[in-house]
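Q: Fold the following for me, if possible:
(chains A, B, C and D, ligands or ions: 2)
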Amino acid sequence: MSSVLINSLFIFMLAGFIGFEVIRRISPLLHTPLMSLTNALDAIAVVGAIILVGEHKTNFSAVLGTLAVIAAMSNVVGGFLITDRMLRMFKSSHPTKKP
Amino acid sequence: MSSVLINSLFIFMLAGFIGFEVIRRISPLLHTPLMSLTNALDAIAVVGAIILVGEHKTNFSAVLGTLAVIAAMSNVVGGFLITDRMLRMFKSSHPTKKP
Amino acid sequence: MTTQPFMEIVYLVASALFILSLKWMSSPGTARRGVWAGEIGMAVAIGGTLLHHGIVDYKWVAIALVIGTIIGIPLGMVKMTAVPQRTALSHAFGAFCVTLVGTAEFYLRSPNVPHFMMGVLCCEVILGSLTFTGSLMAAGKLQEVLPQRPITYRGQNIVNLGLLAIAVAIGIYLILHPGARQLFPFMVGIPLVFGVFMIIPIGGADMPTVISLLNSYAGLSAAAMGFVLDSRLLIIAGALDGSSGFILSVIMSKAMNRSFTNVLFGAFGQVQAAAGGKEERKPVKSVSAEDAASILMSVNKVVIVPGYGMAVAQAQHKVRELYDSLTRRGVDVRFAIHPVAGRMPGHMNVLLAEADIPYDHLVDMDDINGEFPQTDVALVIGANDVTNPAARTDPSSPIYGMPILDVDKARIVMVIKRGMSPGFAGIDNPLYYMPKTLMLFGDAKSFVGDIVRELGGVPAEVASAK
Amino acid sequence: MTTQPFMEIVYLVASALFILSLKWMSSPGTARRGVWAGEIGMAVAIGGTLLHHGIVDYKWVAIALVIGTIIGIPLGMVKMTAVPQRTALSHAFGAFCVTLVGTAEFYLRSPNVPHFMMGVLCCEVILGSLTFTGSLMAAGKLQEVLPQRPITYRGQNIVNLGLLAIAVAIGIYLILHPGARQLFPFMVGIPLVFGVFMIIPIGGADMPTVISLLNSYAGLSAAAMGFVLDSRLLIIAGALDGSSGFILSVIMSKAMNRSFTNVLFGAFGQVQAAAGGKEERKPVKSVSAEDAASILMSVNKVVIVPGYGMAVAQAQHKVRELYDSLTRRGVDVRFAIHPVAGRMPGHMNVLLAEADIPYDHLVDMDDINGEFPQTDVALVIGANDVTNPAARTDPSSPIYGMPILDVDKARIVMVIKRGMSPGFAGIDNPLYYMPKTLMLFGDAKSFVGDIVRELGGVPAEVASAK
Ligand SMILES: NC(=O)c1ccc[n+]([C@@H]2O[C@H](COP(=O)([O-])OP(=O)(O)OC[C@H]3O[C@@H](n4cnc5c(N)ncnc54)[C@H](OP(=O)(O)O)[C@@H]3O)[C@@H](O)[C@H]2O)c1
Ligand SMILES: NC(=O)c1ccc[n+]([C@@H]2O[C@H](COP(=O)([O-])OP(=O)(O)OC[C@H]3O[C@@H](n4cnc5c(N)ncnc54)[C@H](OP(=O)(O)O)[C@@H]3O)[C@@H](O)[C@H]2O)c1
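A: Ligands and ions are numbered 1, 2, ... in the order given. Just a heads-up that it's a prediction; the model follows:
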């Protein structure tokens, strides 16, 4: 068990490092869409909730799980939707226009 | 077991990504020292070899292990040594000199 | 979360896609591909999970997914100006989900929960629940259903920290005695209360910084949930979200030169009171839309500096018209974007992009500041603090040291705002009293509209003449 | 490799340090800190491992570590010009270690090795052993103890690929029947042979590219070993090494515009034969050191373009003297560094750094190419291909499309080389026949020395005058 946790620590360390490296380089132009994107990705928690509901170990867990799925799923849909809407708005003038 | 392998795949994926992200950004100025550094880091294989020798399960494995430790250890020492020697050579003229 | 190799592979793929998604997000050219990668990753992960052997009851899963989608769509269609509160709301949802799952897991597993595992579980639940109520409060303040102004009383910080301390103490007790089920509700409840109290003393304008902090909390709690469920995918997503929220808050506080503590303990509230409404009496030069228009007609290089006021007034489309008629006249128009102009990171970019202004004409502070000396007119539209020279010159100013747009270096400065009232920082702006500065008093939208009308008639012909 | 939590934490720390080490390597300012991080990580990891409960026999471990150190020190002290072969040699050592461990593990575990695990083990051993002999061969060719020229015979590729195929086939059989211990030696032996054959047809000058390929193989085999031993630290180090090797080879092949296959199957050999020694007869303008010196004295901006010849002639210190006396005269001197000038990535940078030339005067190709038109003299010292305008102009040239330094755009071009013989690519260089080009025939070291002597007398006084 403890080795599973250690392992999770490794994953966390690596992913955290990637997060810092990648996000530090994201142009300020995109900070708002970035927020909504990470938000949608974060909603991957839905998989945990799904299993909770699906396994239906106790009614209590199933009820909490259902609410959790609803909350997370609305983030998934809403997050991706608005991110895409924002990005569709970003248009480049053709470089010729540039000084 | 198989879950251990999956897990190794995760680690490999994450570390590989970090490798690409970080190394793509290393200035050409430092490509030679970079080679010798990664080389030294790679020699971390020595830990595997050490355990092989130390556990001394069979004479055969112990002998192979000993050779392996020797090879890897010489990379550790040699690699770090030359990298540091190279880097010590890189000097900056004070920014004033810059155009 | 499972040991089916097949699913693990699915999750591996999803993780890779998530990482690529963020990577592609780094430039406008590839950003949309990034979103697609994220969507595919998500679909793969959910699809794979549904095939999980353990799942016996599909009905409720399906129902929940449908309801979630139905709620999600409107959340995805909100107006661009509502994005800040929407973001806050979605943090609340995320944290809600995490807290619920954490709670369920606890009651399923306790009393036999290993110490470390219980520790992680406590982090998950505490972070989750305080993020939940905190984000709801933040959303409320941004939506202005709650009072914007900071509500402070003496001993506030002691009370808050006390609450948190109790929650943590309970957590520690639970780590040692995972069987104490009756205590768990308190470990959920107290942080819920703390979340509310935490936001009360913080002014509405500080919410964006708070939001990104809450963002990273949400990420961390999700990662913790990943630890509990041994889901690498979840750990990775959580870590990415956490670091992103953290980095954004750092960027913001830097650009506002404030410290987290400073934001969290609402120090600005006092400053506001103290610095507010000083030296209003100095004379300013105020001109009409005609005069402004006639000046703008005659120059070569204009830099437009949008700010929170443009957002409030919804003036971005009028600004677009101004941009058009000026460029049609051959005037070189750029936009100077301060990292914290408006009320969320990238606020101005999104609004101007919405108004179809090409993003390569939106110039970051560091790049544009060099150009102001060669600029004929710096047209400030509803921006204030981000143009305040006091940040450069007056060590006594509360925003001293905050990097600003050097509009005061331009040949002429025009400022569109409704009155002399200060901006977010609540301090007066010397810029307005400079001889080169012309104040254009009025609502951003209508005033810009007037200028466009003044410029009006001609461009069509000019265009055809060209 | 173990489940002692303590050790796992140690390895976690080591992994983090390794990653930071590479991150800090990215700029000269932090590079040395990077090395320290790597060293500490290594020390921590080895130290932690020695505390591993399983270790019963410390004697041999200690002996091996000492011997390794003793061998390592001279390997760390080689001359800078010997760095390429040293690198090759260390890849050989690394691969050797991996292969041995893989072999030992197989005999310890077989017949009960799960399929996937056995698959990884095969990758480890095959990659390891071919990298071992391959790197030895490469080192030999670079050290010139082996014939540099490519040795080719018909059907060579079929033979080689055949060998590899057999090894892989054996591997697959072993995956299915991990008990077939008697087959294992072949799976080690055949790749050893393949490694030799693989290098035979490749010319000495192509070795650097090969080396970086072998570098990534070494990394991958180490990572595979990590899979077998379930050591995350090893997987991470291997992945980092693998990607670094891969990226460097890509950079090199791009800069030489060649494909891996092209390098690996020695296609250049033919080209060399084909393109070698054409149009030698055209007239060239050859001048003496005095003339060169007097020109250099009279100009403002000189760009020095070092190449393989400077390395061969060990001319870097003389070049430093030249740089000094010119700068003392107030001439603006820069160095133009082509990514594949010399025979390994960063070759010129290391040599010039060794000669104490400040690295901020070493300018990358992309940055300097714009400056040549404003350059009075482009002084080419032992470089050839990287200055060959044919790469821009002549679609029939084998190096057409390879990015080059546009020295031909400078007002005057001076080329120091011993004769008219071609460079690595084995093709003639139109640059030498341009009217603006002056050939300075001679060994780089002595010729630069002469120029410095010619410039000689004056500078001291000039310096004092200043
Ligand atoms: N971007 C972020 O992430 C973020 C986060 C937190 C805090 N902040 C803070 O927010 C501030 C942003 O600076 P800023 O210059 O963009 O805005 P600001 O300093 O808040 O000033 C906005 C100005 O716009 C004017 N205004 C308001 N409504 C208007 C309307 N309808 N028409 C015309 N003008 C209007 C106001 O003056 P009148 O009332 O006289 O019209 C006000 O002075 C900074 O202090 C920053 O630290 C930003
Ligand atoms: N850097 C890498 O990683 C790498 C890897 C693989 C291949 N390569 C290849 O290597 C080549 C490098 O280009 P390069 O321009 O640096 O070198 P080059 O094209 O190989 O030309 C070197 C020139 O230096 C001259 N030279 C040799 N010894 C000399 C001495 N002692 N004194 C003066 N001149 C001497 C030679 O002409 P003389 O004999 O007439 O003197 C030769 O023409 C490129 O083709 C590149 O693709 C590079």
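Q: so residue C:435 sits in a helix?
A: No - assessed by DSSP: H, G, I helix; E, B strand; the rest coil, residue C:435 does not belong to a helix; its assignment is coil.
Q: Which residues are in contact with it?
A: Applying Cβ atoms under 8 Å, 6 or more residues apart in numbering or on different chains to residue C:435 gives the contacts residue C:285. In short, each C-beta sits where N, CA and C put it, glycine included.
Q: Now for residue A:24: which residues touch it?
A: Applying Cβ under 8 Å, 6+ apart, the residues contacting residue A:24 are residue C:247.
Q: Spatially central residue in chain A, please.
A: residue A:41 (1.5 Å; Cα atoms, centre = their mean).
Q: and it, how far is that from residue A:89?
A: 21 Å (Cβ to Cβ, to the nearest Å).
Q: Can you show me the strands along chain C?
A: C:301-306, C:332-337, C:362-364, C:377-381, C:412-417, C:437-441 (DSSP state E).
Q: Which one of those lies nearest to residue D:316?
A: Of all the strands of chain C, strand C:362-364 sits nearest to residue D:316, with 41.2 Å by Cβ to Cβ.
Q: pLDDT on that closest one, on average?
A: Averaged across strand C:362-364, pLDDT comes to 90.
Q: That strand - contacts with which helices or strands?
A: Contacts defined by 3 or more Cβ pairs under 8 Å, 6 or more residues apart in numbering or on different chains; DSSP states H and E place strand C:362-364 against strand C:332-337, helix C:347-354.
Q: OK, contacts around residue C:234?
A: A:44-45, A:47-48, C:1, C:222-223, C:225-226 are the contacts of residue C:234 under Cβ under 8 Å, 6+ apart.
Q: Swap in 6 Å and give it another go.
A: A:44, C:225-226 (Cβ atoms under 6 Å, 6 or more residues apart in numbering or on different chains).
Q: ok, now residue C:54?
A: residue A:55.
Q: From residue C:36, how far off is residue C:24?
A: As judged by Cβ to Cβ, residue C:24 and residue C:36 stand 9 Å apart.
Q: which of the two has more neighbours?
A: residue C:24 (19 against 15; other Cβ atoms under 10 Å in any protein chain shown).
Q: what's the closest non-adjacent residue to that one?
A: Computed as Cβ to Cβ, 6 or more residues apart in numbering or on different chains, the closest residue to residue C:24 that is not its neighbour in sequence is residue C:34, at 3.3 Å.
Q: if you go through chain A in chain order, where are the helices?
A: All helices of chain A, identified by DSSP state H, fall at A:2-24, A:31-42, A:45-55, A:59-89.
Q: Going by neighbour count, which residues of the first one are buried?
A: Taking 16 or more other Cβ atoms under 10 Å in any protein chain shown as the neighbour-count basis, helix A:2-24 is seen to contain the buried residues A:5-23.
Q: Within reach of ligand 2, which of the residues you listed are there?
A: Near ligand 2, judged by Cβ under 6 Å from any ligand atom, there are no entries from the buried residues of helix A:2-24.
Q: and chain C, which of those residues reach it?
A: Checking these against chain C by Cβ under 6 Å from any Cβ of the partner chain, the ones in range are A:5, A:8, A:11-12, A:15-16, A:18-20, A:22-23.
Q: Tabulate those (CSV), appending distance to residue D:290 and pLDDT.
A: Output for these, formatted as CSV (distance: Cβ to Cβ, whole Å; pLDDT from 0 to 100):
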residue, distance to residue D:290, pLDDT
A:5, 76, 83
A:8, 73, 91
A:11, 68, 94
A:12, 68, 94
A:15, 65, 95
A:16, 64, 94
A:18, 60, 94
A:19, 62, 93
A:20, 58, 91
A:22, 58, 91
A:23, 60, 90
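Q: now the residues you listed in JSON lines, with distance to ligand 1?
A: Shown next, in JSON lines, are those (distance: Cβ to the nearest ligand atom, whole Å):
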{"residue": "A:5", "distance to ligand 1": "36"}
{"residue": "A:8", "distance to ligand 1": "33"}
{"residue": "A:11", "distance to ligand 1": "31"}
{"residue": "A:12", "distance to ligand 1": "28"}
{"residue": "A:15", "distance to ligand 1": "26"}
{"residue": "A:16", "distance to ligand 1": "23"}
{"residue": "A:18", "distance to ligand 1": "25"}
{"residue": "A:19", "distance to ligand 1": "20"}
{"residue": "A:20", "distance to ligand 1": "20"}
{"residue": "A:22", "distance to ligand 1": "21"}
{"residue": "A:23", "distance to ligand 1": "16"}
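Q: Not counting sequence-adjacent ones, nearest residue to residue C:38?
A: residue C:21 (3.7 Å).
Q: Correct me if wrong: the one you found contacts residue C:37.
A: Yes - using Cβ atoms under 6 Å, residue C:21 is in contact with residue C:37, at 4.1 Å.
Q: ok, those two, which is more surrounded?
A: Neighbour count, other Cβ under 10 Å: between residue C:21 and residue C:37, residue C:21 has more, with 27 against 21.
Q: Distance check, that one against chain B.
A: Going from residue C:21 to chain B by Cβ to the nearest Cβ, to the nearest Å gives 12 Å.
Q: repeat for residue C:402
A: 26 Å.
Q: Quick check on that residue: phi, psi?
A: phi -70, psi 130 (degrees, to the nearest 10).
Q: In this structure it contacts residue C:257, no?
A: Yes - counting by Cβ under 6 Å, residue C:257 is a contact partner of residue C:402 at 4.4 Å.
Q: Specify which residue of those two has the higher count of neighbours.
A: residue C:402 (21 against 14).
Q: What about the residue in the stretch 1-150 of chain C that ligand 2 sits nearest to, how many residues nearby?
A: Here the residue of the stretch 1-150 of chain C nearest ligand 2 is residue C:23; by Cβ to the nearest ligand atom that distance is 27.9 Å. Counted with other Cβ under 10 Å, the neighbours of residue C:23 add up to 22.
Q: how close does the closest residue to it other than its chain neighbours get to residue C:24?
A: Counting by Cβ to Cβ, 6+ apart, residue C:23 lies nearest to residue A:22, which is 5.4 Å off, once chain neighbours are set aside. According to Cβ to Cβ, residue A:22 stands 10 Å off from residue C:24.
Q: neighbours of the closest residue to residue C:112 other than its chain neighbours, just the number please.
A: The shortest distance from residue C:112 to any non-neighbouring residue, by Cβ to Cβ, 6+ apart, is to residue C:178 (7.1 Å). Number of residues near residue C:178 (other Cβ under 10 Å) recorded here: 20.
Q: Return the residues of chain C in contact with chain D.
A: Residues of chain C lying close to chain D (Cβ under 6 Å from any Cβ): none.
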